[in-house]
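Enquirer: From the sequence below, what's the structure:
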Amino acid sequence: MSAPAIARSRPRLLVSELTKLITLRTVWISALVTFAVVVLIGWSQAGPVAEGLRRHDPDLAPGASPATVGFDWVALGLIGIIVIGVISASSEFVSGQLRSSMVAVPQRWRLYRAKCAALMLFTTALGLVTIPLLSLLSQAAIGELSVLDGGFPAQLVFRWLGAIAFWDASALIGFSLGILLRQGLIPLFLLIVLSQLSLMLLLLGPVLAYLPTIAGVQLFDAGLVTGSFPNAALGLPVAATATAAWTAGLLLLAGWKFVARDVRN
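Expert: So this is what the prediction gives:
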């Protein structure tokens, strides 16, 4: 295929992969549940958190502040994001669709990149809908403590972007493991357990702060980590680098396996 023809086919391939992704029932269910649970629970819990902040309640999570109210539920939504990432990869092996895709697009790197781009677009769209709404409803629920009382701080937008980037990275890591292992159960188990037990792992040593599930949290709410483990603070540049390195490394490894592996096995 000539270079101009390849360039013309790229948008069609991306649309095809995006359509394939959004027609997976598990993906839609996971996205809707993630949106509903994160927004509704985050909003409903913002009031009690605000009351605890007013009373300086020692039972509040360490590092809690008005600026970060609601963001702790981003980590809960990570379960749905992991499911979306893993299923987007493993579904093709389970259903046998991958062989048809290979016939339609023999250039495996092009197909792999289109799958990654489609997943990132979907996850970003979900994050753009969910995370700002979660944050704004939470700020509205905490009354006079809201950081929006004095205007709209740019730092809040940066937190949104960091949380969306965290979701994107987590979905792509799940996708990579789904490609590498060619099934969904083990990647789902490993990533969900890791995401929910990350802070406990820091008891083994601060070096584990470089794990993507811990470094990624520091992209939008470092206090969730440093409130209990001050020596695990990475700083935004290091946290971003660590998260990006894990994501890029696993994507490249999975891409190499995707290109080299016999699809019949």
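Enquirer: All the helices of the stretch 51-200 of the chain, residue numbers only.
Expert: Along the stretch 51-200 of the chain, counting by DSSP state H, counting those that start in this stretch, helices occupy 72-95, 97-104, 108-141, 154-181, 185-196, 198-201.
Enquirer: centroid residue for the chain?
Expert: Against the mean C-alpha coordinate of the chain, by C-alpha atoms, centre = their mean, the closest residue is W167 at 1.6 Å.
Enquirer: Quick check, it in contact with T123.
Expert: Yes. Counting by C-beta atoms under 8 Å, W167 touches T123, with 5.5 Å between them. Heads up, the C-betas are built off the backbone N, CA and C, glycines and all.
Enquirer: what touches both of the two?
Expert: I81 (C-beta atoms under 8 Å, 6 or more residues apart in numbering).
Enquirer: Pull the contacting residues for A154.
Expert: Going by C-beta under 8 Å, 6+ apart, the list of residues near A154 is empty.
Enquirer: Model confidence at the closest residue in space to T26 that isn't next to it in sequence, what's the number?
Expert: Nearest non-adjacent residue to T26, counting by C-beta to C-beta, 6 or more residues apart in numbering: I87, 4.9 Å away. The confidence metric pLDDT takes the value 92 at I87.
Enquirer: swap in the one 10 residues further on?
Expert: Q97 carries a pLDDT score of 61 in this model.
Enquirer: For L14, which residues are in contact?
Expert: L14 neighbours (C-beta under 8 Å, 6+ apart): 114, 117-118, 121.
Enquirer: at 10 Å instead, please
Expert: By C-beta atoms under 10 Å, 6 or more residues apart in numbering, L14 lies in contact with 113-115, 117-118, 121.
Enquirer: In terms of helices and strands, where is it?
Expert: Here L14 sits within helix 3-22, counting by DSSP states H and E.
Enquirer: What mean pLDDT does that helix get?
Expert: Rounded mean pLDDT across helix 3-22 is 71.
Enquirer: For N231, see how far away the nearest residue to P132 once chain neighbours are set aside is.
Expert: Once flanking residues are discounted, P132 sits nearest to W160: 5.3 Å by C-beta to C-beta, 6+ apart. Look at W160 and N231: by C-beta to C-beta, to the nearest Å, they are 28 Å apart.
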